[in-house]
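Novice: what's the 3D shape of this:
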Amino acid sequence: MKTMTSILITVTSLGIALAGCDASTADREAQAAPAEGSRSTPGPAIRPEVGGLRGAVVAGHPLAVQAGLARLQAGGNAVDAAVTMAGILAVVRPHMNGVGGDAFGLFYEGDTRRVTALNASGRAAAGATPALFAAQGLERMPGRGALSVTVPGAVSAWHAALERYGTITLAEALAPAIAIAEGGFMASETLAEDLEAAARLNDGGRRIYEPGGTPVAEGDLLKSPELARTLRRLTTEGPAALYGGALGASLADFLESLGSPLRLSDFAAHRPEWTEPVSTTFRGRRVYTPPPNGSGIALLQMLGMAETLPLESYEPNSADLLHRLVEIKKLAFADRMRWIADPAAVDVPVERLLEPEYLSGRAALIPGRAASSQPPGFGPELVVEEEDGEGDTVYLAAVDQWGNAVSWIQSLFATFGSGLVDPTTGIVLQNRGSGFTLQEGHPNLIAPGKRPFHTLMPVMLTDAEGDYEMSVGTPGGDVQPQAVTQALVQMLVFGMSPQRAVEAPRFASGSGLGLRVEDRVPPHVRAELRALGHEVDAVEGWTAPFGNLQAIWRLPSGILRTGADMRREGASAAY
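Specialist: Purely as a prediction, here's the structure:
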């Protein structure tokens, strides 16, 4: 994947080409890509089409997209662009991701056509035993505070990806992010609304994000000098600064003062893991995602069950189709809640969960009316409370001129994660520990050095010959497999462009019979879903709980066609 280049980008020198093909050409290509018999829903996309022939990037903020495209245009490869964007997102979406969070990535090598996965999720402290939580009278994992924090892995992901596939240094990759953190950036309407709605922060967080006691407002200049110094230290000392060095020591001391069992030795013990992705087939493509402890397996199960249905016989966003996809989600999530955990600590039956015969049998259980719940497909049922978490995360993807591609996701989990910001480093600490359970006998029971269940799931597709075809992903916690399934059905079955698939109205199935749908789902479809037993809540507008899906689709012509979601701050660019 590596190619030789040496570049340093500053925020003030970004050259951008926002479109590389006209919509009429892209429409013809999209019609050729889906399987025979598919059809496209009439009507233009709301946002302009963006596509190109040499490279493309998508991400959860325009500043990240600008820097990512500039990196490609200056000769960098897809990984160089991805890590550059990841660093910027850590600054401009501080409540959703950053140095104190985790990351997962998928990588396609253009010369070998190989797909690899990177798991940079952090682990529980060596002292994090169930007895520790029981001694404090806790019956379930706390969602906020020091006891919800695990070792953050995102920085190790940045370094590992560049070391294996990149052509630039970590210092070069983080230079644009440092410039933004030091000089500041404009708080958008979306960011201001998110900050105002955020749960209460500690003193360190309020000093940065609520200066003068008032949350940062739309149009304000937001600077992060502490975070800038932290990023600069990473450029000179590397990830060792966090994993055993001064940055890690600062975090460990801060957390210990608040009652956390995390110590500097836990930071020093962290290692990211290169692994083989798991996959399934859908519409003649192979769909990849990282293996557990991520929850991408739920997406693969949903697609495997959907593949058994006569999808072309349904209308897009019809009640018949949506009902079946919602019920497929419930079947997949029953298995997810029962089995997904850290495979380094417990046996996770991945192969059995993805067997076509098993998924065909599960699909046969789709009920005619909405089910309030479904049991797992095998093994004793364990009752675990399902939470309808939205998840604050960022997704990004990049494709370069040599055919290399990246699908990447990083997150704090909840808004501002644990709610704790280290006042010395400006690092917002994640609450991924809340992904564990305290239920005895469950595979996901917290244990020393164990990785928690993760909602994160970057996705990548190759065609029947193994050539790269698509990167796709979204924030949204439990919405992630649901939104990606809907988008893939819309693109690969109904022939929608990535942008129109991103903009199509979505559902988000929660626990029980609850079903949120965007109010662009026609009233008669909502009525039909209610008649089938779904408790439908129509949500007005374009809102974050339905995700922020981004996609890059490489067409047979070589055109890179993108989709960027306006439900948060998604953007795309290509050349």
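Novice: can you pull the contacts of the residue nearest to residue 166 when sequence neighbours are not counted?
Specialist: Closest residue to residue 166 apart from its sequence neighbours, by CB to CB, 6 or more residues apart in numbering: residue 79 at 4.5 Å. To be clear about C-beta, it is placed using only N, CA and C from the backbone, and glycine gets the same treatment. Taking CB atoms under 8 Å, 6 or more residues apart in numbering as the criterion, residue 79 is in contact with 1, 107, 161, 162, 165, 166, 398, 404, 406.
Novice: in three-state terms, label residue 79 for me.
Specialist: helix (DSSP: H, G, I helix; E, B strand; the rest coil).
Novice: so how far is residue 234 from it?
Specialist: 17 Å (CB to CB, to the nearest Å).
Novice: just give me the neighbour total for residue 313.
Specialist: Residue 313 has 10 neighbours, counted by other CB atoms under 10 Å.
Novice: cool, residue 44 as well?
Specialist: What residue 44 shows, counting by other CB under 10 Å, is a neighbour count of 13.
Novice: what's the helix or strand where residue 410 lies packed up against?
Specialist: Per DSSP states H and E, residue 410 falls inside strand 405-413. Packing partners of strand 405-413 (3 or more CB pairs under 8 Å, 6 or more residues apart in numbering; DSSP states H and E): helix 78-92, strand 102-108, helix 154-165, strand 392-399, strand 459-462, strand 468-473.
Novice: could I get those as CSV with distance to residue 344?
Specialist: What follows is these, written out as CSV (distance: least, CB to CB, whole Å):
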stretch, distance to residue 344
helix 78-92, 24
strand 102-108, 15
helix 154-165, 16
strand 392-399, 23
strand 459-462, 23
strand 468-473, 24
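Novice: for those, which one sits closest to residue 541?
Specialist: Ranking the helices and strands packed on strand 405-413 by proximity to residue 541 (CB to CB) places strand 392-399 first, at 18.7 Å.
Novice: okay, now the sheet partners of that closest one, with direction.
Specialist: strand 56-59 (antiparallel), strand 405-413 (antiparallel) (DSSP bridges).
Novice: can I get those in JSON lines including mean pLDDT?
Specialist: Compiled in JSON lines, the strands paired with strand 392-399 are given as follows (pLDDT from 0 to 100):
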{"stretch": "strand 56-59", "mean pLDDT": "98"}
{"stretch": "strand 405-413", "mean pLDDT": "97"}
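Novice: mean neighbour count, those: which tops it?
Specialist: Highest mean neighbour count of those: strand 56-59, a mean of 34 (counted as mean count of other CB atoms under 10 Å).
Novice: so the nearest residue to residue 108 once chain neighbours are set aside versus residue 156, what's the distance?
Specialist: Nearest residue to residue 108, sequence neighbours excluded (CB to CB, 6+ apart): residue 405, at 4.1 Å. Distance of residue 405 to residue 156, computed by CB to CB: 21 Å.
Novice: would you map the helices across the stretch 351-500 of the chain?
Specialist: 356-363, 479-492, 498-503 (DSSP state H, counting those that start in this stretch).
Novice: now for whatever helix or strand comes next after the shortest one, which elements pack on it?
Specialist: This points to helix 498-503. Counting by DSSP H and E, the element after helix 498-503 in chain order, helix or strand, is strand 507-509. Counting contacts by 3+ CB pairs under 8 Å, 6+ apart, strand 507-509 packs against helix 319-339, helix 479-492, strand 514-518.
Novice: can you list the strands that strand 507-509 pairs with?
Specialist: Partners of strand 507-509 in its sheet, by DSSP bridges: strand 514-518 (antiparallel).
Novice: identify the residue spatially nearest to residue 116, adjacent ones excluded.
Specialist: residue 107 (5.0 Å).
Novice: residues near the one you found, how many?
Specialist: Neighbours of residue 107 (other CB under 10 Å): 25.
Novice: okay, and the beta partners of it?
Specialist: residue 116, residue 406.
Novice: pretty sure it sits against residue 113.
Specialist: No. Between residue 107 and residue 113 there is no contact under CB atoms under 8 Å: 11.7 Å.
Novice: isn't residue 381 up against residue 339?
Specialist: No. Using CB under 8 Å, residue 381 is not in contact with residue 339, being 11.3 Å away.
Novice: pick out whichever of the two has more residues nearby.
Specialist: Neighbours were counted for residue 381 and for residue 339 using other CB under 10 Å; residue 339 has more, 25 against 11.
Novice: residues in contact with that one?
Specialist: 292, 348, 349, 353, 376, 379, 443.
Novice: gap between it and residue 443?
Specialist: Residue 339 is 6 Å from residue 443, by CB to CB.
Novice: residue ranges with poor pLDDT in this structure?
Specialist: 3-43, 199, 383-391 (pLDDT under 70).
Novice: in the stretch 151-300 of the chain, which spans are helices?
Specialist: 154-165, 170-183, 189-197, 203-209, 225-237, 246-257, 264-268, 296-306.
Novice: on that earlier part again, output the contacts of residue 339 in a markdown table, with neighbour count appended to each entry.
Specialist: Listed next are those as a markdown table, based on neighbours: other CB atoms under 10 Å:
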| residue | neighbour count |
| --- | --- |
| 292 | 26 |
| 348 | 20 |
| 349 | 18 |
| 353 | 26 |
| 376 | 18 |
| 379 | 13 |
| 443 | 22 |
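Novice: for these, which one is nearest residue 437?
Specialist: Nearest member of the contacts of residue 339 to residue 437, counting by CB to CB, is residue 443, at 8.9 Å.
Novice: send me the strand holding residue 410 as PDB with only the CA atoms.
Specialist: Provided in PDB are the C-alpha atoms of strand 405-413 (Å, rounded to 0.1, in the frame of the first residue of the first chain):
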ATOM      1  CA  ALA A 405      -8.900   2.000   0.600                       C
ATOM      2  CA  VAL A 406      -9.700   2.600   4.300                       C
ATOM      3  CA  SER A 407     -12.900   2.300   6.300                       C
ATOM      4  CA  TRP A 408     -12.400   3.800   9.800                       C
ATOM      5  CA  ILE A 409     -14.400   4.500  12.900                       C
ATOM      6  CA  GLN A 410     -13.500   6.000  16.300                       C
ATOM      7  CA  SER A 411     -15.500   7.000  19.300                       C
ATOM      8  CA  LEU A 412     -15.900   8.000  22.900                       C
ATOM      9  CA  PHE A 413     -19.300   6.100  23.100                       C
END
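Novice: quick one, what contacts the residue nearest to residue 518 when sequence neighbours are not counted?
Specialist: Excluding its sequence neighbours, the residue lying closest to residue 518 (CB to CB, 6+ apart) is residue 505, at 4.1 Å. Contact criterion CB under 8 Å, 6+ apart gives 317, 517, 518, 519, 520, 521 as the residues in contact with residue 505.
Novice: which among these count as buried?
Specialist: Neighbour-count burial within those applies to 317, 517, 518, 521; the criterion is 16 or more other CB atoms under 10 Å.
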